[in-house]
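**Q** Quick one: sequence and predicted model below, then my questions.
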Number of protein chains: 2
Amino acid sequence: MTIKEVSEKYNISQDTLRYYERVKMIPEVTRTAGGIRDYQEEDLRWVELAICMRNSGLPVEAMIEYLALFQKGDETIPARLELLNSQMEVLARQKEQIEETMGRLSYKIERYEEAIKTGKLTWTKKGEIL
Amino acid sequence: MTIKEVSEKYNISQDTLRYYERVKMIPEVTRTAGGIRDYQEEDLRWVELAICMRNSGLPVEAMIEYLALFQKGDETIPARLELLNSQMEVLARQKEQIEETMGRLSYKIERYEEAIKTGKLTWTKKGEIL
DNA sequence: TCTTGACTTGGAGTTAACTCCAAGTTGTAA
DNA sequence: TTACAACTTGGAGTTAACTCCAAGTCAAGA
């Protein structure tokens, strides 16, 4: 699979794919005899993982560390486990944050919808900002 | 309330508080006669909202737009509602992304925990990367 | 009143994560 | 075998969101 195809499949730029490889967020991609990237199944799995991590907001750095451990072999399994657990915590906190903000926005949205229906704002606490 | 106190209360730097004001993410903060910031209840509510939005990953730009609409008065209520709804969608998608990644990481974590217990990795699909 | 520490501003610097560019190479269709 | 699109690289440029700095002002205690 060429870089163009991968880029289209995952809706990510070719530059970003090269960048992920350059900073060692994913292992070196398989090449043709001429040196052109020819993504294999395993390369795609790394790409998917990288995209998944980035889409959820985890830093590139975390993935770089993970790959480095991975490439050092099985004796880094405990370290990898620790790394994954700490990323899980980060995500759990991030999820809570999002839920809190969604709650706040929902409240405002309800107020505004009511305002539009009735023609005036209905505050439940005085001085409240919307 | 001084900028120092606000900064400690919300665990955010004084520079960031001034930055939020400078880029008009929050309205101009109340000042003393001498020109020093003296945060009132309403100022704090804006700060809280700004922090909440930022912590959940929404861009500063969205909050700038929201404040600009807010300051134009009640005729911008439909526009504000639309803006909030679109931010809600962004957050909903972000939350799904996080859940997906958490699922992926959980799977890896389970594999690794098993590996540590039994002394070897147990793959369920061949060629799977961990 | 003087000192000292907290505050002010405008503007420059930093960091993460891309994104773009130029100059050169590869592969395929005519 | 030649044209030409797609690929390659190293490095520079961009963007968002801070973060730091210098030079000056304000305010509370000795």
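**A** Now that the structure is in, tell me what you want to look at. Because the structure is predicted, anything quoted here is derived from the model rather than measured. Residues are numbered from 1 along each chain as shown, chains lettered A, B, ... in the order given.
**Q** What's the local residue count around A:E28?
**A** Neighbour count for A:E28, taken as other C-beta atoms under 10 Å in any protein chain shown: 10. Backbone N, C-alpha and C define where each C-beta goes, glycine included.
**Q** Under a three-state scheme, what state does it occupy?
**A** A:E28 carries the three-state label coil when classified by DSSP: H, G, I helix; E, B strand; the rest coil.
**Q** where's the nearest residue to it once chain neighbours are set aside, which helix or strand?
**A** For A:E28, the nearest residue in space outside its immediate sequence neighbours is A:E21; the separation is 6.5 Å by C-beta to C-beta, 6 or more residues apart in numbering or on different chains. Using DSSP states H and E, A:E21 sits within helix A:14-22.
**Q** and that helix, anywhere near DNA strand C?
**A** Yes - applying C-beta under 7 Å from any atom of the strand, one finds helix A:14-22 in contact with DNA strand C at A:D15, A:T16, A:R18, A:Y19.
**Q** a strand runs through A:L130, doesn't it?
**A** No - residue state for A:L130 (three-state DSSP) corresponds to coil; a strand is not indicated.
**Q** Near the residue in chain A positioned nearest to DNA strand C, how many other residues are there?
**A** Residue nearest to DNA strand C within chain A (C-beta to the nearest atom of the strand): A:G34, separated by 2.6 Å. Counted by other C-beta under 10 Å, the residues lying close to A:G34 total 6.
**Q** Let me know the angle separating the longest helix belonging to chain A from helix B:77-118.
**A** Longest helix in chain A by number of residues (criterion: DSSP state H): helix A:77-118. Helix A:77-118 runs at 160 degrees relative to helix B:77-118, counting by axes from the mean of the first three to the mean of the last three C-alpha atoms, to 10 degrees.
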